[in-house]
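Trainee: okay, sequence plus prediction incoming.
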Amino acid sequence: MADAVINDPAALVPRVLARVVGRAREVELVVAALAAGRHVLIEGPPGTGKSTLLRAVAGELALGFEFVEGNAELTPARLVGHFDPARVLTSGYDAEVFEDGPLVTAMRDGSLLYVEEINRIPEETLNVLITVMSERELHVPRLGRVAASDGFRLVAAMNPFDAIGTARISAAIYDRVCRVAVGYQDADDEVAIVRAALATIDTTDTVDTVDTIDTIDAGWLQRVVEVVRRSREHPEVRVGSSVRGAIDTVAVAERLAPLRGLPVVDSTVGLDAALVALSGRLRVREGSALSADDIVRQLWSQVFTTTSPGDTAGGAAGKAGAPSGADAS
């Protein structure tokens, strides 16, 4: 039976959607699964808003949110907790000297345990989670039984298996979670994400010479997002950039432009900002004759030298010409 922690899922969904861009279907699925008392796994490429969605849900539920970064160093002791060796010498193995790890804290408090990149965690640590998900309790040597309070859920995120450093998740994990698959959002949503992210930066920026996101040409911004989106489909790229690449490109361009005394939409400003923001994010296929920088220049040239009917980026204010030396193929 579902816990009483989510009394009104229908009211929760719009509140969460006010904090994330798009993702209406995914928000509904996550909220429904949590309301049903189930654990949730969100699977998708980096930069698709998995953490943002889960944090928004946790925030609107007013629940605790224990964060765990999944990596090879996450041992069972770090996840569960441990006895303080110094205090054990004086007090023995008393419950008072046990230092709760994030799992035990979430269980006691009835909080969400959010595990980032769960498929990077060692198998022995995952086995601890399997027991908790099945029995809603944990037996810790010398401490005893820890029962999960109402509201406790495991919510986890993971990148696709073929991402570097990832491992396959066992069937035992999948059998105990509700899986929600997410992909990249559409172009309009990604433009909105860039605007929202940079508006937050602008509100705390004290540099008067920097253009605000509200004054940046809309067509130019759309083209920056298009460059990033095309990086995911380039035949020489194994892993393209997430929307974070577009955010960083615009942010760097905003600050590079006044240094050069040029507008943000100047072709040299935008290209150099893109090289800084995107080249490290692209994973080029082995054996490719192109470097990441070559691909960024190529994509920038393709997008910024192409016009279409009704293109808002046309004209001197919005359309940047082909950068010098760029591959226009």
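Mentor: Perfect, thanks for sending it. Numbers count the residues shown, from 1 in each chain.
Trainee: in terms of helices and strands, where is Leu129?
Mentor: Secondary structure from DSSP states H and E places Leu129 in helix 123-135.
Trainee: following that helix, which helix or strand shows up next?
Mentor: Next element after helix 123-135 (DSSP H and E): strand 137-140.
Trainee: what are the pairing partners of the following helix or strand past that following strand, and which direction each?
Mentor: The element immediately downstream of strand 137-140 (helix or strand, assigned by DSSP H and E) is strand 144-147. The strands beside strand 144-147 in its sheet (DSSP bridges) come out as strand 137-140 (antiparallel).
Trainee: I'd like to know how far Thr90 sits from Val97.
Mentor: 9 Å (C-beta to C-beta, to the nearest Å). (Glycine included, C-beta is placed from N, CA and C.)
Trainee: who has more neighbours, those two?
Mentor: Neighbours per residue (other C-beta atoms under 10 Å) separate Thr90 from Val97, with Val97 holding more: 18 against 9.
Trainee: and the residue lying closest to that one once chain neighbours are set aside, which of the three is it?
Mentor: Once flanking residues are discounted, Val97 sits nearest to Arg87: 3.9 Å by C-beta to C-beta, 6 or more residues apart in numbering. Look at Arg87: counting by DSSP: H, G, I helix; E, B strand; the rest coil, its state is helix.
Trainee: so how many other residues sit close to Arg87?
Mentor: The number of residues packed near Arg87 is 15, by other C-beta under 10 Å.
Trainee: what does the model give it for pLDDT?
Mentor: Turning to Arg87, the model gives it a pLDDT of 84.
Trainee: again, but for Gly165
Mentor: So, for Gly165, pLDDT stands at 56.
Trainee: for the one 4 residues further on, same thing?
Mentor: The pLDDT attached to Ile169 in the predicted structure is 81.
Trainee: contacts only, for it.
Mentor: Residues in contact with Ile169 (C-beta atoms under 8 Å, 6 or more residues apart in numbering) are 41, 118-119, 126, 158, 161.
Trainee: give me that answer again for 7 Å
Mentor: Neighbouring residues of Ile169 by C-beta atoms under 7 Å, 6 or more residues apart in numbering: 118-119, 158.
Trainee: what about stretch 64-84, start to end distance?
Mentor: End-to-end distance of stretch 64-84: 24 Å, with C-alpha to C-alpha, to the nearest Å as the criterion.
Trainee: give me the residues contacting it.
Mentor: 55, 58, 93, 97-106, 109, 111-118, 120-122, 124-125, 128, 138, 140, 142.
Trainee: Val16 against Arg55, yeah?
Mentor: No - contact criterion C-beta atoms under 7 Å: Val16 and Arg55 do not qualify, at 9.9 Å.
Trainee: state the distance from the residue of the chain lying at maximal distance from its centre to His82.
Mentor: Centroid-distance maximum for the chain: Thr90 at 44.3 Å, with C-alpha atoms, centre = their mean. Taking C-beta to C-beta as the measure, Thr90 falls 16 Å from His82.
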